[in-house]
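Take this sequence and fold it.
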Amino acid sequence: MHSQNDSRLALKLNDESATISLAYRIAAQLQPGMIIHLHGDLGAGKTTLVRGVLNSFGYSERVKSPTYTLVEPYHIAGLDLLHFDLYRLQNEQEWESAGFRDDHDGKKIFIIEWANKGGNSIPQADIEINIEILPAGRKAELHANTTLGKQCLERL
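Numbers count the residues shown, from 1 in each chain. Alright, predicted model coming up:
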């Protein structure tokens, strides 16, 4: 399944390699300052998608979900990428008190799992990706919220 209108894209991901392939396509469109929110149940493939993005830039070390550290920073291929996992946040004040707002400098790429846990303190996503577990495979729905996000989806 592949459908698209000007600000949405839906894809059927048959297996993990399809998720990694999507990640490579997304990585090719990333620009400094972009923000991506990842939504989906535990085990849906959010961290797998991040791993694919990082692998596309040549990162070969283990990519772990920053569930306990909240953020894992990566400097690779001339980009600063911050992978957030906010699953354990209790409220949006925790985002504020951690100082993450200061990292949003228009240069770093944010990929945020469980962004809803940060409430209104989380910067708006250029692209939101919802990954749904299906009986066989996954469904990824990408939605652009900004002009930059829309341009990215158009090039996917």
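
Helices of this protein, start to end?
In the chain, the helices defined using DSSP state H lie at 16-27, 46-56, 92-97, 100-103, 147-155.

Go through the ones you listed and pick out the most buried.
helix 46-56 (a mean of 22; mean count of other Cβ atoms under 10 Å). All C-beta atoms are positioned from the backbone trio N, CA, C, and that covers glycine.

which other residues reach stretch 11-24?
The contact list for stretch 11-24 (Cβ atoms under 8 Å, 6 or more residues apart in numbering) reads 1-2, 45, 48-53, 55-56, 131, 134, 136-142.

Look up how far residue 109 lies from the closest residue to residue 57 other than its chain neighbours.
Counting by Cβ to Cβ, 6 or more residues apart in numbering, residue 57 lies nearest to residue 77, which is 4.0 Å off, once chain neighbours are set aside. Here residue 77 is placed at a distance of 11 Å from residue 109 (Cβ to Cβ, to the nearest Å).

Who has more neighbours out of the two?
Taking neighbours as other Cβ atoms under 10 Å, residue 77 and residue 109 compare with residue 109 leading, 20 against 13.

on that earlier part again, select from the helices of the chain the stretch with the lowest mean pLDDT.
The weakest mean pLDDT among the helices of the chain belongs to helix 100-103, with a mean of 70.

Select, out of the helices of the chain, the one closest to residue 38.
Shortest separation from residue 38 across those is recorded for helix 46-56, at 4.2 Å, computed as Cβ to Cβ.

what's the closest one packed up against?
helix 16-27, strand 35-39, strand 79-85, strand 109-113, strand 127-133 (3 or more Cβ pairs under 8 Å, 6 or more residues apart in numbering; DSSP states H and E).

what inclination does the longest one have with respect to helix 147-155?
Read it as helix 16-27. With axes from the mean of the first three to the mean of the last three Cα atoms, to 10 degrees defining the directions, helix 16-27 sits at 130 degrees from helix 147-155.

Same check on the third one?
Inter-element angle recorded for strand 79-85 and helix 147-155: 100 degrees (by the same axes, to 10 degrees).

Equivalent analysis for the second one, please.
Per the same axes, to 10 degrees, the angle that strand 35-39 makes with helix 147-155 is 70 degrees.

and the residue sitting furthest away from the middle of the chain, how far is that from residue 17?
Computed with Cα atoms, centre = their mean, the residue of the chain farthest from its C-alpha average is residue 135, at 23.1 Å. Residue 135 is 18 Å from residue 17, where distance means Cβ to Cβ.
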